[in-house]
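Engineer: Provided below are the primary sequence and the corresponding predicted coordinates.
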Amino acid sequence: MRVAAYHRLSAPDIEQVTSFELLKRSYEERINRCRRFKCVGCYIDEGDSRAGFEQLMEAVQSGQIDRIETGSAFEFIENVDDLISAAQKLKSLDPPVQVHFANEDVTTGTIMWDHCVGFLTGYLSAMERAAERRERVMCGT
């Protein structure tokens, strides 16, 4: 399985990382530890830049990548709606592309992922309803 890594460094992280090569090497070693995986690239963004992410998605679209390894769901994409949408797009490719979120230890396209999406969707819906109720109470309607 051809696996690529994606990592986004926030401003504080940029100051802590002494070498992008060390970061890349760490991902490559982690990916290549699994005999079924072959590291085919590391894509890294700094701060608000998304150039690495866009290059990653181009490689995915052209069929060069089967799985993406990343630190966390919100490192990959910053909001829940976009995260779910991106996961669905990647799943619809032929063959489907998985994303493994190391911090959450969940992989798209699995039952655990489906449970997480169900929970998040239900939670966000409940939060929206609660906000609407608060607004009605404040407005006296």
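Structural biologist: Cool, got the structure.
Engineer: quick check: closest non-adjacent residue to Leu9.
Structural biologist: Nearest residue to Leu9 in three dimensions, chain neighbours excluded: Glu46, at 5.1 Å (Cβ to Cβ, 6 or more residues apart in numbering). Glycine gets a C-beta too; all of them are placed from N, C-alpha and C.
Engineer: what's the burial count for the one you found?
Structural biologist: Neighbours of Glu46 under the rule other Cβ atoms under 10 Å: 16.
Engineer: Arg36 now?
Structural biologist: Neighbour count for Arg36, taken as other Cβ under 10 Å: 7.
Engineer: secondary structure class of it, three-state.
Structural biologist: For Arg36, the assignment made with DSSP: H, G, I helix; E, B strand; the rest coil gives coil.
Engineer: measure the residue lying closest to it once chain neighbours are set aside to Arg67 for me?
Structural biologist: For Arg36, ignoring the flanking residues on the chain, the nearest one in space by Cβ to Cβ, 6+ apart is Met1 at 5.4 Å. Distance, Met1 to Arg67, using Cβ to Cβ, to the nearest Å: 6 Å.
Engineer: who has more neighbours out of the two?
Structural biologist: Applying other Cβ under 10 Å to Met1 and Arg67 shows that Arg67 carries more neighbours, namely 22 against 13.
Engineer: one step back: hey, what's in contact with both of Met1 and Arg67?
Structural biologist: Phe37 (Cβ atoms under 8 Å, 6 or more residues apart in numbering).
Engineer: just give me how far the lengthiest helix in the chain sits from the chain centre.
Structural biologist: In terms of residue count, the longest helix belonging to the chain (DSSP state H) is helix 111-139. Mean C-alpha position of helix 111-139 versus that of the full chain (Cα atoms, centre = their mean, to the nearest Å) differs by 21 Å.
Engineer: okay, buried residues for that helix please.
Structural biologist: Across helix 111-139, burial judged by 16 or more other Cβ atoms under 10 Å covers 113, 116-117.
Engineer: which strand or helix spans Val40?
Structural biologist: strand 38-46 (DSSP states H and E).
Engineer: lovely, talk soon.
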